[in-house]
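> Make a model of this:
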Amino acid sequence: MATTLSLARVTIQNYYQYRHVDKPGWNIGWTWANNEVIWSMRGAFATDMGNCSSFNSQIPHSCKKDPIIADLLLEQASPESMTAGCCRGGTLYPQTISPSNSFSSFEVQVGTPEGHASSAHAPKNLILLAPGPGYTCGPLSDVNPTVSSDIGGRRRVQVFRTWKSTCTYSSFLANKTPMCCVSLSTFYNPTITACQTCSCGCREADKSTDSCMSMREGSHLSSSNSVNNLDIVKCSDHMCPVRVHWHVKTNYMNHWKVKLTVSNYNYQRNYTDWNVLVQHPSLRQLEKAYSFNSTLLPAVGLGDEVGLFWGQKYYNDLLLSADEKNQVGSVSTDILLRKDFESFTLRNGWAFPRRIYFNGENCQMPPPDDFPILPNGSSKHKPLLSLVLPFIIFAFRTHL
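Presented below is the predicted three-dimensional model:
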């Protein structure tokens with residue numbers, strides 16, 4: 001008897017301009033609407049086969065009612081198991097940094113236990129782990145069927161049905177406490193404004209800074225339940241895995257220079273393809289970032305400019321973890337800014353950022369009254385809103 005199956009292509013598209021999915025990568029899951037099973041997959045795999053004991057001759061790829069899917073690593077994939085957009089280890093770049101690496105796709109052959117085609121009902125309870133919690137996905141809804149081209153673009157091919165879901169991110173769901181903080185200094189003032197005490201939690205009072213390491217409150221296991229993905233940080237007054245330092249370095253006649261340094265206090269985690277987002281009114285006069293890549297992002301509703309900085313490939317795109325010798329990993333660059341004489345000043349905290357984000361997470365800023373100057377008062381900061389969201393698309397067609 002011939003087996004008739006439905007073929008689904010699933011695409012995860014990251015529309016965030018600065019938030020990315022780092023290793024160990026995304027997991028996506030859902031609950032089947034009926035009694036579907038996954039007969040085979042290309043470009044990804046189900047992490048649990050489930051109970052397939054009722055099958056004899058042909059065993060499905062996964063019999064789970066609520067499968068969890070993970071991306072393949074490139075070195076694990078054979079040519080016949082690959083699809084376009086797969087096999088990147090679950091990483092998704094921001095659209096601004098690398099549009100071609102901001103999506104991931106895989107194919108699923110779906111059918112009933114009897115080998116009949118699926119009735120193509122939308123899966124339920126969609127979840128996205130990237131790699132931990134934080135994303136909330138809406139229900140899959142019908143959209144116009146996906147259309148692709150064939151025969152050199154001369155033929156249009158439409159799938160049977162397409163569903164789409166939007167997943168939104170909340171740092172409050174992802175982390176119980178902040179995961180980074182900001183410190184400040186200037187060339188004209190000997191006072192350094194350190195990260196606030198307990199910015200990301202507090203250490204035990206009887207532990208010294210030199211010998212202490214601690215599992216950070218709010219840390220979570222990844223979907224692989226590996227202890228290597230915990231935030232185990234070098235103890236400090238701020239207890240943050242990451243610190244961003246902004247130093248006003250030099251004041252020239254027509255320019256001024258800043259040194260931006262990112263330090264990793266995490267013993268267990270290297271940050272791959274990291275990025276730093278800075279909200280500052282002078283970034284429209286950005287001339288050069290000497291050691292980082294940089295670009296300006298559109299900022300609707302904000303009075304300040306927004307700049308995105310990230311590492312250069314094979315040079316400093318990897319932020320190394322702290323080591324047992326109490327050395328923290330760090331990357332830094334000088335940033336040259338042109339002066340706008342209608343607005344430029346070194347008074348009242350103007351030279352300091354309004355907000356800083358590391359890998360899309362809001363970093364704890366010091367209060368303005370603690371800046372290494374004497375400000376007239378504090379300004380009201382508007383939170384930087386994400387302008388775009390990730391989508392997950394299911395496209396079904398029948399395959400005989």
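
> Mind listing what's buried along stretch 299-319?
The neighbour-count check on stretch 299-319 (16 or more other CB atoms under 10 Å) flags 299, 302, 304-311, 316-319 as buried. C-beta: built from backbone N, CA, C; applies to glycine.

> er, stretch 168-179 actually
For stretch 168-179, a neighbour-count test (16+ other CB under 10 Å) marks 169, 174-175, 177-179 as buried.

> Stretch 44-55 now?
Neighbour counts using 16+ other CB under 10 Å place 44-46, 50, 52 of stretch 44-55 among the buried residues.

> C-alpha coordinates for it, CSV please?
Presented in CSV, the C-alpha positions along stretch 44-55 are these (Å, rounded to 0.1, in the frame of the first residue of the first chain):
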residue,chain,number,x,y,z
ALA,A,44,16.6,19.6,11.9
PHE,A,45,15.6,16.8,14.3
ALA,A,46,13.2,16.0,17.0
THR,A,47,15.0,15.8,20.4
ASP,A,48,12.8,12.9,21.6
MET,A,49,11.6,10.0,19.5
GLY,A,50,8.8,9.1,21.9
ASN,A,51,7.0,5.8,22.1
CYS,A,52,6.9,4.2,18.6
SER,A,53,6.4,0.6,19.9
SER,A,54,3.1,0.2,18.0
PHE,A,55,4.9,0.5,14.6
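
> Run through who's touching that stretch.
Applying CB atoms under 8 Å, 6 or more residues apart in numbering, the contact partners of stretch 44-55 are 10, 27, 37-38, 59-65, 67-72, 86, 106, 113, 223.

> among the residues you listed, which ones are buried?
Counted by 16+ other CB under 10 Å, those give 10, 27, 37-38, 60-64, 67-72, 86, 106, 223 as buried.

> coming back round to it: would you list the buried residues of stretch 44-55 in JSON lines and tack on secondary structure and distance to Met82?
Shown next, in JSON lines, are the buried residues of stretch 44-55 (DSSP: H, G, I helix; E, B strand; the rest coil; distance: CB to CB, whole Å):
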{"residue": "Ala44", "secondary structure": "strand", "distance to Met82": "10"}
{"residue": "Phe45", "secondary structure": "strand", "distance to Met82": "12"}
{"residue": "Ala46", "secondary structure": "strand", "distance to Met82": "17"}
{"residue": "Gly50", "secondary structure": "coil", "distance to Met82": "24"}
{"residue": "Cys52", "secondary structure": "coil", "distance to Met82": "24"}
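
> Kindly confirm my reading that Glu75 is in a helix.
Yes - counting by DSSP: H, G, I helix; E, B strand; the rest coil, Glu75 is part of a helix.

> any idea how far it lies from Met82?
Using CB to CB, to the nearest Å, one gets 12 Å for the distance from Glu75 to Met82.

> Which of the two has more residues huddled nearby?
Met82 (15 against 7; other CB atoms under 10 Å).

> isn't that one right up against Asp71?
No - between Met82 and Asp71 there is no contact under CB atoms under 8 Å: 11.2 Å.

> Need the overlap of contacts for those two.
Shared contacts of Met82 and Asp71 (CB under 8 Å, 6+ apart): Gly43.

> now, which of the buried residues of stretch 44-55 sits nearest His247?
Ala44 (44.2 Å; CB to CB).

> who's that closest one bridged to?
Asp71 (DSSP bridges).

> Check Ser104 too.
Counting by DSSP bridges, Ser104 is bridged to Ile12.

> So which of the buried ones among the contacts of stretch 44-55 belong to strands?
Of the positions in those, 10, 27, 37-38, 68-71, 106 sit in strands, assigned by DSSP state E.

> Turn the buried residues of stretch 168-179 into CSV, including secondary structure.
Output for the buried residues of stretch 168-179, formatted as CSV (three-state DSSP):
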residue, secondary structure
Tyr169, strand
Ala174, helix
Asn175, coil
Thr177, coil
Pro178, coil
Met179, coil
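
> Those into a markdown table, with extra columns for pLDDT and distance to Val248?
Below are the buried residues of stretch 168-179 laid out as a markdown table (pLDDT from 0 to 100; distance: CB to CB, whole Å):
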| residue | pLDDT | distance to Val248 |
| --- | --- | --- |
| Tyr169 | 93 | 32 |
| Ala174 | 86 | 32 |
| Asn175 | 85 | 29 |
| Thr177 | 87 | 28 |
| Pro178 | 91 | 24 |
| Met179 | 91 | 25 |
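
> Same list (the residues you listed) but as CSV, adding distance to Pro281.
Below are the buried residues of stretch 168-179 laid out as CSV (distance: CB to CB, whole Å):
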residue, distance to Pro281
Tyr169, 26
Ala174, 29
Asn175, 28
Thr177, 29
Pro178, 24
Met179, 26
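
> between the residues you listed, which is closest to Gly138?
Nearest to Gly138 out of these is Tyr169 (CB to CB; 13.0 Å).

> so that closest one makes contact with Arg19?
Yes - taking CB under 8 Å as the definition, Tyr169 is a contact partner of Arg19 at 6.5 Å.

> where does this protein have low pLDDT?
1-4, 115-119, 205-211, 215-230, 300-303, 324-326, 374-400 (pLDDT under 70).

> Next up, phi/psi of the nearest residue to Ser330 once chain neighbours are set aside, please.
Nearest in space to Ser330, with sequence neighbours left out and distances taken as CB to CB, 6 or more residues apart in numbering, is Ser263 at 4.4 Å. Torsion angles at Ser263 (phi, psi; degrees, to the nearest 10) stand at phi -120, psi 140.

> wait, isn't Ser263 in contact with Pro241?
No - assessed by CB under 8 Å, Ser263 is found out of contact with Pro241, at 9.8 Å.

> Which one of the two is surrounded by more residues?
The neighbour comparison of Ser263 against Pro241 (other CB under 10 Å) goes to Pro241, with 29 against 21.
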